[in-house]
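Engineer: coordinates only, sequence not included:
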């Protein structure tokens, strides 16, 4: 992971999960009409549909604890960044965290990045 991709990934991950934990509705500007989310096998497309799904999740309080962040360029040209995250998730008054993994493809847009792809899975001990 180059320094540039690492810095982009860390900055994005810190912002994304802080915003998610505070107010999921505020994630809307991070997605575009053609953005895609796969959440536990369910697919959603478009910023409104994605944020509606995130807002409708059945918990009031959430806290993400990021354990790892890995990033690579996702195109040989300067631009998109693939970000892989693992961590723990505490919801409402739960004491036992759930393990999760999430992958993002970030695409440059006017000096910033937006989420083109977002894949989320809880990791159960199979």
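Structural biologist: Structure's in. What do you need? Because the structure is a prediction, the values reported are computed rather than measured. Numbering: from 1, shown residues only.
Engineer: dump the residue contacts of residue 28.
Structural biologist: Residue 28 makes contacts with 47-48, 51, as judged by CB atoms under 8 Å, 6 or more residues apart in numbering. (Each C-beta comes from the backbone N, C-alpha and C, glycine too.)
Engineer: go with 7 Å
Structural biologist: 47, 51 (CB atoms under 7 Å, 6 or more residues apart in numbering).
Engineer: just confirm it is within a helix.
Structural biologist: Yes - under DSSP: H, G, I helix; E, B strand; the rest coil, residue 28 falls within a helix.
Engineer: tell me how far it lies from residue 116.
Structural biologist: Per CB to CB, to the nearest Å, residue 28 is found 15 Å from residue 116.
Engineer: quick one: residues in contact with stretch 56-72.
Structural biologist: Under CB under 7 Å, 6+ apart, the answer for stretch 56-72 is 1, 5-6, 8-10, 13, 17, 20-21, 81-92, 97.
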